[in-house]
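[1] here you go, sequence then predicted model.
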Amino acid sequence: MAVPVAFFAVFFAYPVAAIVSRGLKAGGHWQFGRIADVLGQSDIRHVLWFTTWQAFASTVLTLLIALPGAYVFARFEFRGKQVLRAVVIVPFVLPTVVVGTAFLALVGRGGLLDGLWGVRLDTTVWAILLAHVFFNYAVVVRTVGGLWSQLDPRQEEAARMLGASRWTAWRKVTLPALGPAVAAAALMVFLFTFTSFGVVQILGGPTFSTLEVEIYRQTAQIFDLATAAVLTIVQFAAVAIILAVHAWSVRRRESALRLVDAAHTARRPRGAGQWALLAGAVATVAVLILLPLGVLIQRSFEGPDGFGFAYYKALTSSDSGVFLVPPIEAIGNSLTYALAATAIAVVIGGLAAAALTLPDSRLRSSGGTPMAGRLVRGFDALLMLPLGVSAVTVGFGFLITLDKPPLDLRGTWILVPLAQALVGVPFVVRTMLPVLRAVDGRLREAAAVLGASPLRAWREVDLPMVRRALLIAAGFAFAVSLGEFGATVFIARPDHPTLPVAVARLLGRAGDLNYGQAMALSTILMVVCAVSLLLLERIRTDRTTGEF
């Protein structure tokens, strides 16, 4: 546990604490009265209200649209199912900047809806809500569908035999069993939409602002660290509550159900109703996921002289005035940073997952096992915090803390991978943990009895069993590192931009050329993420790894 704890202490807790300290300290004294002053401002209360209600609305809308898809993937077997599973999860690992760009191409100026019916939804809350559903559809399908596929269908069939209608059997048998998974998915969707940044930044315009967007505005544009610090504390408290409820729901789901092999529960659709449900789920994926991505690709090829590669060719020029280097260099920068971040995330996340699988006797303190249990739960919660704490705060914290020896990293390239790795570590842990827990400890003991050292036992016993999960974890870490935006926007150097930062800066400049180049870079980033996910689906042939 020592290495992951030290990593999070230096590169997460220290920068966040430094930002909060600078905002709430004056003359060496804490000024907690600033919290009431900031929360008393009407515009800040409006931001808090909008952040909360749009997250609630996004969660409800996502559940309504995605639950039928979760049932289809859990209970039906059909041609192209694996490809469709990969397509569904592509939006989840896409950078939020690309998600916003895709919907901007669909509902914004000159978009598909504007061209067909003269309807524009950009700078409206509907564009934000739909983009959030697009982004989080996979969370519900994978989390709820993963459990649904392992519920014994004979329980519901028994209720039908005892006279219950299909609706009554589902409501009284299946729904209570799915409740913890639905709650966990809802909490995760609420968390991701509550901390939304890139989507709101691009689609909301100046009209709408979430806490994360407001923290960025107060930090980077107004330079009001006191307000930013208060908003960071509010967001941190809200996220801590969400994660605590989520952890409770996950523990309940793991302990209260008896599951069966998912391979025995799926079958081909029967009857017109089930075929209609399958067709509806496929149509939803086509309209909600494939259509925005397809429009994004189309707009990247619509140059000033007609359909072609004009915007892609413009990426090789440095005459736009947006960057010090040609935008095409952002591709190489992003790949380099993401590979380094993946290596860091796999090492830190792998050690953390291994620590979480140790038996209580190895963590037992003088106070006994209750202390060990609290230690493990606290460590597990620490690993998840980067998913909910403001990435903007972390990025700006890097600038003001990692600028003195022995941690003077502000002028080095490693700063970006370190920030990206913070987001990748939770995915590595959640992917590796179920597999490591499934390894029979008696195999290690047998190897030790036969004379193997701990290192050799790990290399020859554990590694062959977890190799596939390790590859999947590395793939997810690579995809999410490639798309990290909130922290990177602060610390990426102008001569070494990443793809998400380059897209955001191009969208922030007027002109069709900048807009077209943003579409082209977003398409490139989307293709890289999609290829990574398709490869992961080919590797992921069993259900022992985490859903993400």
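    Arrived safely.

[2] in the protein, where's the longest helix?
    helix 42-75 (DSSP state H).

[3] and that one, what does it pack onto?
    Applying 3 or more C-beta pairs under 8 Å, 6 or more residues apart in numbering; DSSP states H and E, one finds that helix 42-75 makes contact with helix 33-39, helix 81-93, helix 125-148, helix 175-194, helix 211-216, helix 225-256, helix 271-285. All C-beta spots, glycine's among them, are computed from the backbone N, C-alpha and C.

[4] buried residues in it?
    44, 47-48, 50-51, 54-55, 58-59, 61-63, 65-67, 69-75 (16 or more other C-beta atoms under 10 Å).

[5] the inter-axis angle of it versus helix 175-194?
    Taking axes from the mean of the first three to the mean of the last three C-alpha atoms, to 10 degrees, helix 42-75 and helix 175-194 form an angle of 140 degrees between their directions.

[6] quick check: mean pLDDT of helix 42-75?
    Mean pLDDT, computed over helix 42-75, is 91.

[7] that helix to helix 81-93, inter-axis angle?
    Going by the same axes, to 10 degrees, helix 42-75 makes 170 degrees with helix 81-93.

[8] show me how far helix 42-75 is from its chain's centre.
    Relative to its chain's centre, helix 42-75 lies at 15 Å (C-alpha atoms, centre = their mean, to the nearest Å).

[9] still on that earlier bit, hey, least reliable of the helices and strands packed on helix 42-75 by pLDDT?
    Among those, helix 225-256 scores lowest, at a mean of 72.

[10] now do the closest residue in space to Ala229 that isn't next to it in sequence against Asp512, distance only.
    Spatial nearest neighbour of Ala229, excluding adjacent residues (C-beta to C-beta, 6 or more residues apart in numbering): Gly23 at 2.5 Å. According to C-beta to C-beta, to the nearest Å, Gly23 and Asp512 sit 40 Å apart.

[11] higher neighbour count, those two?
    Counted by other C-beta atoms under 10 Å, Gly23 and Asp512 do not tie: Gly23 has more neighbours, with 24 against 12.

[12] what does the helix or strand the more buried one falls within rub up against?
    Using DSSP states H and E, Gly23 sits in helix 14-24. Here helix 14-24 makes contact (C-beta atoms under 8 Å, 6 or more residues apart in numbering) with 30-32, 34-35, 225-230, 232-233, 236, 389, 393-394, 396-398, 400-402.

[13] in stretch 169-182, what's buried?
    Of the residues in stretch 169-182, those buried (16+ other C-beta under 10 Å) are Ala169, Trp170, Val173, Thr174, Ala177, Leu178, Pro180, Ala181, Val182.

[14] hmm, I was thinking of stretch 326-336
    Pro327, Ile328, Glu329, Ala330, Ile331, Asn333, Ser334.

[15] need the residues that contact it.
    Against stretch 326-336 from outside (C-beta under 8 Å, 6+ apart): 314-318, 320, 323, 413, 482, 492, 496-502, 506, 517, 521, 524-525, 528.

[16] wait, isn't Gln218 in contact with Ala229?
    No - in this structure Gln218 lies outside contact range of Ala229 using C-beta atoms under 8 Å: 9.0 Å.

[17] and the two? Which one has more around it.
    Neighbour count, other C-beta under 10 Å: between Gln218 and Ala229, Ala229 has more, with 26 against 23.

[18] residues touching the more buried one, list them.
    With contact taken as C-beta under 8 Å, 6+ apart, Ala229 is in contact with Ile19, Val20, Ser21, Arg22, Gly23, Leu24, Arg34.

[19] ok, 10 Å please
    Counting by C-beta atoms under 10 Å, 6 or more residues apart in numbering, Ala229 touches 16, 19-25, 31, 34-35, 38, 215, 218-219, 393.

[20] between those residues, which sits nearest Arg270?
    Ile215 (51.6 Å; C-beta to C-beta).

[21] for Pro206, see how far away that closest one is.
    Ile215 is 16 Å from Pro206, by C-beta to C-beta.

[22] cool, Trp458 as well?
    Where Pro206 is concerned, Trp458 sits at a distance of 54 Å (C-beta to C-beta).

[23] give me the more crowded residue out of the two.
    Trp458 (15 against 7).

[24] just checking, that one is part of a strand?
    No - counting by DSSP: H, G, I helix; E, B strand; the rest coil, one finds Trp458 to be helix, located in no strand.

[25] can you pull the contacts of the nearest residue to it once chain neighbours are set aside?
    Distances taken as C-beta to C-beta, 6+ apart put Arg444 closest to Trp458, at 7.8 Å, once the chain neighbours are dropped. Arg444 sits next to Ala452, Pro454, Ala457, Trp458, Glu460, Val461, Asp462 when contact means C-beta under 10 Å, 6+ apart.

[26] how about those in JSON lines, adding distance to Val140 and pLDDT?
    Below are the contacts of Arg444 laid out as JSON lines (distance: C-beta to C-beta, whole Å; pLDDT from 0 to 100):
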{"residue": "Ala452", "distance to Val140": "44", "pLDDT": "87"}
{"residue": "Pro454", "distance to Val140": "41", "pLDDT": "83"}
{"residue": "Ala457", "distance to Val140": "40", "pLDDT": "84"}
{"residue": "Trp458", "distance to Val140": "36", "pLDDT": "79"}
{"residue": "Glu460", "distance to Val140": "40", "pLDDT": "85"}
{"residue": "Val461", "distance to Val140": "37", "pLDDT": "82"}
{"residue": "Asp462", "distance to Val140": "33", "pLDDT": "78"}
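
[27] separate out the buried members of these.
    Among the contacts of Arg444, the ones that count as buried by 16+ other C-beta under 10 Å are Ala452, Ala457, Val461, Asp462.

[28] so Phe506 touches Thr101, yeah?
    Wrong residue type there; residue 506 is Leu, not Phe. Yes - the pair Leu506 / Thr101 is scored as a contact, 9.5 Å apart, by C-beta atoms under 10 Å.

[29] picking that back up, so what's in contact with Gln218 and Ala229 at the same time?
    With C-beta under 10 Å, 6+ apart, Gln218 and Ala229 have common neighbours Gly23, Val38.

[30] show me what counts as buried in stretch 140-154.
    Buried residues in stretch 140-154, counting neighbours by 16+ other C-beta under 10 Å, are found at 140-151, 153.

[31] dump those residues into JSON lines; add distance to Phe379 as well.
    Converted to JSON lines, the buried residues of stretch 140-154 look like this (distance: C-beta to C-beta, whole Å):
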{"residue": "Val140", "distance to Phe379": "28"}
{"residue": "Val141", "distance to Phe379": "30"}
{"residue": "Arg142", "distance to Phe379": "25"}
{"residue": "Thr143", "distance to Phe379": "23"}
{"residue": "Val144", "distance to Phe379": "27"}
{"residue": "Gly145", "distance to Phe379": "29"}
{"residue": "Gly146", "distance to Phe379": "25"}
{"residue": "Leu147", "distance to Phe379": "25"}
{"residue": "Trp148", "distance to Phe379": "30"}
{"residue": "Ser149", "distance to Phe379": "30"}
{"residue": "Gln150", "distance to Phe379": "28"}
{"residue": "Leu151", "distance to Phe379": "31"}
{"residue": "Pro153", "distance to Phe379": "38"}
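
[32] what's the closest of those to Val285?
    Val141 (9.3 Å).

[33] so Ser58 touches Thr193, yeah?
    Yes - counting by C-beta under 10 Å, Ser58 touches Thr193, with 4.2 Å between them.

[34] where does pLDDT dip in this protein?
    27, 93, 246-264, 319-323, 358-377, 388, 536-548 (pLDDT under 70).

[35] quick check: the closest residue to Arg109 other than its chain neighbours vs Gln517, distance?
    Sequence neighbours aside, Arg120 is the residue nearest to Arg109 in space, at 6.5 Å (criterion: C-beta to C-beta, 6+ apart). Applying C-beta to C-beta, the value for Arg120 to Gln517 is 22 Å.

[36] give me the neighbour count for Gly110.
    Neighbour tally, Gly110, other C-beta under 10 Å: 13.

[37] may I have the phi/psi pair for it?
    Main-chain dihedrals, Gly110, degrees, to the nearest 10: phi 70, psi 10.

[38] what's the answer for Val423, then?
    According to degrees, to the nearest 10, Val423 has phi -80, psi -30.
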